[in-house]
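S.K.: what follows is a predicted structure for the sequence shown.
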Amino acid sequence: MSDETLEIIQSGKGIAADVRSMIEQTREEVARVVNAGMTLLYWRIGRRILNEVLRNQRAEYGQEILQTLSAKLVPEFGRGFSKRNLSYMVQMAETFPDAEIVSTLSRQLGWSHFKEIIYERQEGNAE
């Protein structure tokens, strides 16, 4: 946690207002940490799938992997692991092959930002 998170707020607005501020501040920090962790997880999943597909070097096999894996994950972990999202994870691993870059960017960008970058990249390649 950052030094800011450990700050004891004493604003003169009263204890209730100060405690509210500390709660909100901590919630925001936790949300950033969780978001970065989930983004890194999605990259790791994409990298793992990508390695599996490349090892077999068959595009149709990749589509089978995504469908099969999604069918196994969605009941347990929800729609975030749909075939479409798994495809985004693979595309993320292709777009950002360096784990350190992803780690650095994930502290500043959320999953939706990465998806937007991937989408823009695809649109640029389609032209």
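M.R.: Structure received.
S.K.: spatially central, which residue of the chain would that be?
M.R.: residue 39 (1.8 Å; Cα atoms, centre = their mean).
S.K.: quick check: residue 35 vs residue 113, distance?
M.R.: Distance of residue 35 to residue 113, given as Cβ to Cβ, to the nearest Å: 10 Å. Heads up, the C-betas are built off the backbone N, CA and C, glycines and all.
S.K.: give me the common contacts of those two.
M.R.: The contact sets of residue 35 and residue 113 do not overlap (Cβ atoms under 8 Å, 6 or more residues apart in numbering).
S.K.: which of the two has more neighbours?
M.R.: The neighbour comparison of residue 35 against residue 113 (other Cβ atoms under 10 Å) goes to residue 35, with 17 against 14.
S.K.: surely that one meets residue 111?
M.R.: Yes. With contacts counted by Cβ atoms under 8 Å, residue 35 reaches residue 111, the gap being 7.0 Å.
S.K.: I'd say residue 42 and residue 89 touch.
M.R.: Yes. Between residue 42 and residue 89 a contact is recorded at 4.7 Å, counting by Cβ under 8 Å.
S.K.: out of the two, which sits in the more crowded spot?
M.R.: For residue 42 and residue 89, the more surrounded residue by other Cβ under 10 Å is residue 89, and the numbers stand at 27 against 24.
S.K.: helix or strand for residue 118, just tell me which one.
M.R.: helix 111-126 (DSSP states H and E).
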